[in-house]
Each structure stands twice: as structure tokens, then as C-alpha cells.
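Novice: okay, here's the prediction I keep looking at, along with the sequence it came from:
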Amino acid sequence: MKIFREKDYDAMSRRAAQVIAAEIAHNPACVLGLATGSTPEGAYKYLVDWYEKGFLSFTDVRSVNLDEYVGLSPDHDQSYRYFMRSNLFDHVDIAPENTRVPDGLAADTTAFCAEYDAYIRSLGYVDLQLLGIGRNGHIGFNEPGDCFVKETHVVDLAESTIDANSRFFATRDDVPKQAISMGIGAIMGAKKVLLCASGEEKADAIYNSVRGPITPKCPGSILQLHPNVVLVADEAALSKLIAAGVVK
Ligand code: PGA
């Protein structure tokens with residue numbers, strides 16, 4: 001695992017954007033696995049800025065997103081499709097038909113999840129998968145549990161995830177209780193993984209993912225088995241790895 005130690009959120013965002021831009025420069029028709037949440041927002045701002053300056057183009061890029069809340073329409077301002085449009089897709093030259101976000105309104109979620117996995121396979125899997133991490137170690141919405149789930153699936157969100165995400169909703173009761181999430185199979189099938197984290201509250205999840213036992217109780221720990229992971233994190237998120245001498 002290659003680890004970039006960055007000073008703060010902005011430096012983490014810039015470095016993450018550089019890794020993504022380098023992937024696009026290297027392979028203009030790459031498949032990007034994209035993430036939502038507070039962590040990647042800054043990186044998306046850099047990518048939009050560099051696109052506007054003419055440094056990169058998304059014309060041939062295809063994207064698949066990690067997850068979506070069950071029950072939210074693409075126009076709901078807390079849906080992840082809405083997040084992707086407002087943070088990236090509407091501001092760059094990616095073709096809308098080349099972007100996929102799980103359908104939170106799918107009537108038959110079992111069929112939808114199977115189709116999502118089939119689509120990812122048809123693309124030859126993801127070239128670069130961007131990941132944030134939950135305080136509980138979740139990646140995508142693969143929550144801690146008794147086993148790793150390989151396929152795209154419907155997840156019951158952990159109470160701690162509902163608590164963490166309630167900041168985006170009027171009340172905690174408004175937070176959806178389920179999501180559709182890409183499974184561990186598609187994430188581990190990515191040729192390269194870019195894991196990003198910022199802030200002290202992620203320090204345990206990052207330590208456990210990098211140095212802890214490989215266990216579904218911390219889904220991020222499975223990344224220790226991936227041959228090509230880049231971790232970009234600020235010093236607060238790395239603080240436990242720094243204290244343990246793992247990161248200089
Ligand atoms: P955050 O979420 O980027 O909003 O902290 C990350 C995650 O829960 O995966």
C-alpha cells in the first residue's frame with residue numbers, strides 16, 4: 001500500500017485529484033469507480049477546476065458509483081445521483097449515459113443489483129476505485145458484519161452510519177435506513193484503489209484497515225489483500241498509524 005501523508009483536507013483533496021487526473025491522462029477511456037460523502041468533495045472541486053482550465057477531459061471516461069440510498073429519487077437533494085451531478089457530472093464533459101449510480105427507486109432490487117454487477121463486469125471492472133471510509137470502517141455501504149458480501153446488494157445501514165449521515169437531513173428520521181451498495185467483489189476487482197480519509201474521527205478506521213486483522217468487522221481491512229492501493233489521508237486521519245510508527 002502506498003501512503004500519502006498530507007497536511008490537511010485541502011492537501012488530501014489535491015493529491016487525490018492528482019491520482020484521478022493521472023489515471024485519466026494515462027487512460028482517457030478509463031472506468032472510474034466514484035464515491036460520495038464529504039471526503040471526495042474537495043477532490044471533485046479540483047477536478048472541475050482542472051477541467052475548466054483545459055487540463056483534462058472526461059469525454060471517454062465511464063463511471064460507476066459505489067452506492068445510493070434506497071427510496072430516494074435521483075432528484076432528491078440527498079440522493080447520491082444528485083450529489084454526483086452537483087459536485088462533478090454537471091461541471092465536466094462526461095457523457096450522462098457513461099455514468100451509473102445505483103437506482104434507489106428500483107422496483108426489483110435483486111434484479112437491479114445483478115444487472116449492476118453485470119454492467120461492471122461488461123466494462124472489464126473498474127480501473128480506479130475511489131473510496132472514503134466510515135468511522136466504523138465501512139467502504140461503500142459495506143457495513144461491519146459477520147461476512148464480506150461479494151455482490152452489489154441492499155444493506156441495512158448501521159445505526160452509527162445513520163447518526164453520521166443525519167447531518168445532511170432535516171431530522172435523523174429522514175435518513176434512509178437502507179442503501180444499495182457495490183459489494184466487496186467489485187471493489188476488490190478494481191485494478192487500483194484510491195482510499196481517502198480526513199479527520200481524527202477516521203483515525204481508528206484507517207489504523208484498523210491498514211494494520212488491523214482482516215475481518216468483516218472492519219470492511220476496509222480487506223484492502224490489505226488488494227495489490228494496488230493508494231491511501232491519501234491527512235495527518236489527523238493518519239494519527240494512529242503515525243503514533244505506531246507505521247507512517248513517518
Ligand atoms: P464521509 O463518508 O466522506 O462523509 O466521511 C465516508 C463514508 O461514510 O464512506
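Specialist: Sure thing, it's come through.
Novice: just confirm S63 is within a strand.
Specialist: Yes - assessed by DSSP: H, G, I helix; E, B strand; the rest coil, S63 belongs to a strand.
Novice: burial measure for it, as a count.
Specialist: 22 (other CB atoms under 10 Å). In short, each C-beta sits where N, CA and C put it, glycine included.
Novice: surely it touches G33?
Specialist: Yes - under the criterion of CB atoms under 8 Å, S63 makes contact with G33 at 7.4 Å.
Novice: what about the closest residue to I24 other than its chain neighbours, distance to the ligand?
Specialist: Closest residue in space to I24, ignoring its immediate chain neighbours: L56 at 5.4 Å, by CB to CB, 6 or more residues apart in numbering. Per CB to the nearest ligand atom, to the nearest Å, L56 is found 23 Å from the ligand.
Novice: mind pulling up the pLDDT for L56?
Specialist: As predicted, L56 sits at a pLDDT of 97.
Novice: OK, contacts around it?
Specialist: Taking CB atoms under 8 Å, 6 or more residues apart in numbering, we find L56 in contact with 21, 24-25, 47, 50.
Novice: separation between it and A22?
Specialist: 10 Å (CB to CB, to the nearest Å).
Novice: for S239, same thing?
Specialist: Distance from S239 to A22, by CB to CB: 27 Å.
Novice: show me which of these two is the more surrounded one.
Specialist: More crowded of S239 and A22, by other CB under 10 Å: S239, with 19 against 12.
Novice: give me the nearest residue to that one, chain neighbours excluded.
Specialist: Leaving aside its sequence neighbours, S239 sits nearest to A203 (CB to CB, 6+ apart; 4.7 Å).
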